[in-house]
Structure formats: structure tokens, C-alpha cells
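Q: Predicted model and sequence below, questions to follow.
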Amino acid sequence: MQSIIKTYALPLMVLSLTACGGGGGNSTPASSSASSIVPSSAASLSSAATSSSSNPSVETTQTAANVGGYSVAKIDNCGQGISAASKTFAIFADYDGGVQNQSLSSLSISGWNHSNNDNKNRPEWAKLQISTHATYDFASNAKVNESCNGVDTLNMVLVKKIADWDMQHSNGFERNILSDGYKFGDIENLVFDVKINSAKTTIPTVASLKTTYSSYVNAATVDALEDGKVNIGITLGDSTDLAGAIIFQLDQATLSDQWVRVTIPMSKLSFYQEVNYVRAAKTLADFSNVVINRMLVVGETKSGAVLRGNINPWSSSVPETFKEMDLSFKKIEFQLK
């Protein structure tokens, strides 16, 4: 029913420890940035949004809300009559006429799950909501999604630690695009069609975090870290130490089990060079001719940080808490200039 924009199957680059949440220090992980856009609580309507269509055979979007510099729009008639627009490159997408349950490895997409690999015997994983830790695995194939006219979707319950930075990104996925040759300066927008699946989404409230960690940090530290919503961290990196990143936010209280389109202008990413966990700020202009190696997608806190940097001395007795965000992606694209 759907078709994929053809890409090249290449071996994936190994993620750095920073990208996977390993290592120490007080810096935030490579998939987030202290200057990443954090959504405001009040969303204003964007006059440039696409209006909804009454034609049930065509997918459309409702008027978009502008949230912290990017837009979020509900999708109507999901998966109906969808095709690739001009000047786009698909990280992952499924369009009319394509193969179902497509292999993700053939698209150079891979992932990890620390709770179900060589680290699975670590005690903190016992605190995950689902005892079968394979639930958090990266699946090797996309899956037909009946909530969107049978399009293929990439599905994963993304997990982020609240306390410890060691393996803070408990799982995630990445796409290698080095051979495609796209530069940071080639891209106008990043586009994500995504749905929060409520059944397996569990996010602790800010009040519960303040109670859990009252012996370790003050309430203001928790407020700065987290606000109890779905956060998705996106990093575009080159093959060395240059990256652009953003954390975008969706409110599961109003958007669960609905398809939405998130459109992020490239100018809203934070750009930096990171060496030994120390970041030097850069600009999009600095990266104009830098070729993108891969895109990394992980679950995040609002700030991209964890509490460990504020807990001194750190002890293994500090309780761990997780954000678990069950997400389906039907499209991840670059809109090109």
C-alpha cells in the first residue's frame, strides 16, 4: 500500500558513549543541549499552518500550534493518499504503493536496549514498568499500523533515566546517512509524524519526583529538570565531534493516541563541538558545509539532564526513576531548501 523513499544500506557507525548516555561529568548528553528549545506552556497558533481538509481520501493537518519555535499539528485522515513532497529526504517514511513491514536494517536504521543486552543484570532495570525487558527493544522491522491506514511505522518505547547519567538513554535508535551527502546547510526543516501510545507510556509527575528525591535535591532542581511530559531528543552529528540537537515536547494529556506532525526549523537546533564532554557553541552558519553522518533519536527529560550532577556525593543507593514513552513514527524527513 505504501512506498519508501529508496536509501542505501550501509554499516552503521558506532555511537559514542556520550550519545548513549555513558561516561561521567556534569555535561548533558549528545542528544540534548543546555540551550535546546524547551517548549513554553502556552502554545500560539501559527498562521502558516495547513488547514484540515474535508476530503477523507487525503491526509491533511489541522492548524498548527507554535511551541517554543517549532510547530505541532494534529493529522487528519492519517495515511490516506500520502506521497513524497518535492525537496524532501526520508530518514524513515512509507508512501502509497510500497512494501509492508519493511526491514529497518536495510534503511541503515539500528537501535539498542541496555536493559536487555549485556547490561541486563543491573539492578535498576527491575524498576521499569514492564518486567519483560524485550518490550524496550529496537525492532528489526517496521510494522503495519492500523491507526494510520496500514502504513508502516517505527515503534519503540523510549526510556530515559531521571537520576543517573550512566546509560541514561536506556534505549534509542539512529539512522546512518553519511553516504547520502546531505549537509547541515541543505536542510530547511525537520519533520516528524508521531503518535504517543498511551497504553505503555508512563511518566512520573513532578510532584512524585520531588517526593522521591527530597533527600537529595531541592524542588527547584526538579522543576528545572522535568515537567512530566513526553520529550524526544534529536541529534544530527557529523563523523567527528560536531552536532546539532533539539529536544521537542508533546503533552500526553492532550495528544495521546493521536497522530501529530512536528515541524522544526533547522535554525532552532543548538549547534556545538563537544570534546571530552565539554561543548563549544557553534552556529548553523559554521556547519553550513558539514556533511551529516547520522540522526540519533532518544527519550529525554525536559532539560536533557539527569539529577546526578546535583547530588554530591553520588551513591548507588540513590533511587532510579524512568520516563517511558511509547511512540510510533510514520515519517521522519528532512525538508530541503
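A: Good, I have the coordinates.
Q: which secondary element of this protein has the worst mean pLDDT?
A: Taking mean pLDDT, DSSP states H and E as the measure, strand 44-45 is the helix or strand of the chain with the lowest mean score, a mean of 34.
Q: Tell me which helix or strand comes right after it.
A: Using DSSP states H and E, the helix or strand that follows strand 44-45 in sequence is strand 60-61.
Q: From the centroid of the chain, which residue is nearest?
A: Relative to the mean C-alpha position of the chain, the nearest C-alpha, by Cα atoms, centre = their mean, is the one of Ile232, at 3.4 Å.
Q: Show which residues not belonging to the helix or strand that contains Phe89 make contact with it.
A: Secondary structure from DSSP H and E places Phe89 in strand 88-93. Taking contacts as Cβ atoms under 8 Å, 6 or more residues apart in numbering, the residues outside strand 88-93 that touch it are 4-5, 7, 84, 104, 107, 109, 142, 154, 175, 177, 180, 182, 191, 295, 329-336. C-beta here means a position set from N, CA and C on the backbone, and glycine is covered the same way.
Q: partners of whichever helix or strand comes after that strand, with directions?
A: Scanning the chain past strand 88-93 towards its C-terminal end, the next helix or strand to appear is strand 95-96 (assignment: DSSP H and E). Strands that pair with strand 95-96, judged by DSSP bridges, come out as strand 2-3 (antiparallel).
Q: do you know how far the residue nearest to the centre of the chain is from Asp193?
A: When distance is defined by Cβ to Cβ, to the nearest Å, Ile232 is 12 Å away from Asp193.
Q: And Leu336, by the same measure?
A: Leu336 sits 17 Å away from Asp193, going by Cβ to Cβ.
Q: the more surrounded of these two?
A: The residue with the greater number of neighbours, taking Leu336 and Asp193 and applying other Cβ atoms under 10 Å, is Asp193; the counts read 27 against 14.
Q: secondary structure class for the more buried one?
A: strand (DSSP: H, G, I helix; E, B strand; the rest coil).
Q: what's around the residue nearest to it when sequence neighbours are not counted, how many residues?
A: Spatial nearest neighbour of Asp193, excluding adjacent residues (Cβ to Cβ, 6 or more residues apart in numbering): Lys331 at 3.9 Å. Close neighbours of Lys331, defined as other Cβ under 10 Å, add up to 24.
Q: I'd say Lys331 and Phe192 touch.
A: Yes: applying Cβ atoms under 8 Å as the test, Lys331 and Phe192 come out as touching, 7.1 Å apart.
Q: Ile264 - how many residues pack around it?
A: One way to gauge burial is a neighbour count; for Ile264, by other Cβ under 10 Å, it gives 22.
Q: what does the one 10 residues further on give?
A: Burial measure for Glu274: 22 neighbouring residues, criterion other Cβ under 10 Å.
Q: sorry, back to before: name the element the residue nearest to Asp193 belongs to?
A: Following DSSP H and E, the helix or strand that holds Lys331 is strand 322-336.
Q: Show me which residues of that strand are buried.
A: Residues of strand 322-336 classed as buried under the neighbour-count rule (16 or more other Cβ atoms under 10 Å) are 322-335.
Q: packing partners for that strand?
A: Judged by 3 or more Cβ pairs under 8 Å, 6 or more residues apart in numbering; DSSP states H and E, the packing partners of strand 322-336 are strand 88-93, strand 151-161, strand 187-196, strand 230-237, strand 294-299.
Q: With just CA atoms, put it into PDB.
A: These are the backbone C-alpha positions of strand 322-336, laid out as PDB (Å, rounded to 0.1, in the frame of the first residue of the first chain):
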ATOM      1  CA  PHE A 322      12.300   6.200  34.500                       C
ATOM      2  CA  LYS A 323      10.400   8.100  31.800                       C
ATOM      3  CA  GLU A 324       8.800   5.500  29.500                       C
ATOM      4  CA  MET A 325       7.400   6.900  26.200                       C
ATOM      5  CA  ASP A 326       5.700   4.500  23.800                       C
ATOM      6  CA  LEU A 327       6.000   6.200  20.400                       C
ATOM      7  CA  SER A 328       5.200   5.300  16.800                       C
ATOM      8  CA  PHE A 329       6.900   7.200  14.000                       C
ATOM      9  CA  LYS A 330       5.400   7.100  10.500                       C
ATOM     10  CA  LYS A 331       7.600   9.800   8.900                       C
ATOM     11  CA  ILE A 332      10.900  11.400   9.800                       C
ATOM     12  CA  GLU A 333      12.100  13.700   7.000                       C
ATOM     13  CA  PHE A 334      14.400  16.500   6.000                       C
ATOM     14  CA  GLN A 335      12.600  19.300   4.200                       C
ATOM     15  CA  LEU A 336      15.300  20.600   1.900                       C
END
